[in-house]
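J.: Show me how the following folds:
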Amino acid sequence: MDSATDNRRSHFEEIRARAADEMGRIGVTGAFIPVLVETFYGRVRAHPELGPVFDARLSGRWPEHMERMKRFWSAVAFKDGGYDGKPVMAHQGVANINPPLFQVWMSLFSATLDDIAPSQEAKAWFMATAERIARSLVLSLFYNPANDDPALKQA
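T.: A predicted model of the protein is given here:
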């Protein structure tokens, strides 16, 4: 193996080790991720606003989605490289999705973490991360730069 490959491997191992240390300090283990995903999406499915939007998109594909979300959150928390999806593309064209639903999603995520997070630090970490992800998705899906054009704004 060449030096560049060894350096790259070493770099990613360091990233994963730092992430595992950070998660350990806030009480998050790999076993927490499936509990988070199963609990949260159970609540999403039962939610009167979110449930129908998710069910319409994922009908017959919930098990695959759950596994994908477990890989996603594990990759985000532990930097383990287990997720290779494209979140923006996955959310494009979802019927009845709108920016206010992301706030509903965030509120439900926060309530879930209130109930199951192993520490306040874990809740804070997951909420800050989810908020960044939600902001990015909302901007990618709904932002129109023309709306910021001062010439189009009324006095």
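J.: Contacts only, for His91.
T.: The neighbours of His91, taking Cβ atoms under 8 Å, 6 or more residues apart in numbering as the test, are 97, 137, 141. Placement of C-beta: from N, CA and C, glycine included.
J.: Surely the second one touches Phe102?
T.: Spelled out, that is Leu137. Yes. Counting by Cβ atoms under 8 Å, Leu137 does reach Phe102; the two are 6.9 Å apart.
J.: hang on, the earlier thing: now rank the contacts of His91 by neighbours and give me the top one.
T.: Ile97 (21 neighbours; other Cβ atoms under 10 Å).
J.: Find the residue closest to that one in space, skipping its chain neighbours.
T.: Val53 (5.9 Å; Cβ to Cβ, 6 or more residues apart in numbering).
J.: Pull out the buried residues from the helix or strand containing that neighbour.
T.: If you go by DSSP states H and E, Val53 is part of helix 50-58. Counting neighbours by 16 or more other Cβ atoms under 10 Å, one finds that the buried residues in helix 50-58 are 50, 53-54, 57-58.
J.: Next secondary structure element downstream of that helix?
T.: Sequence order places helix 62-78 as the next helix or strand after helix 50-58, per DSSP H and E.
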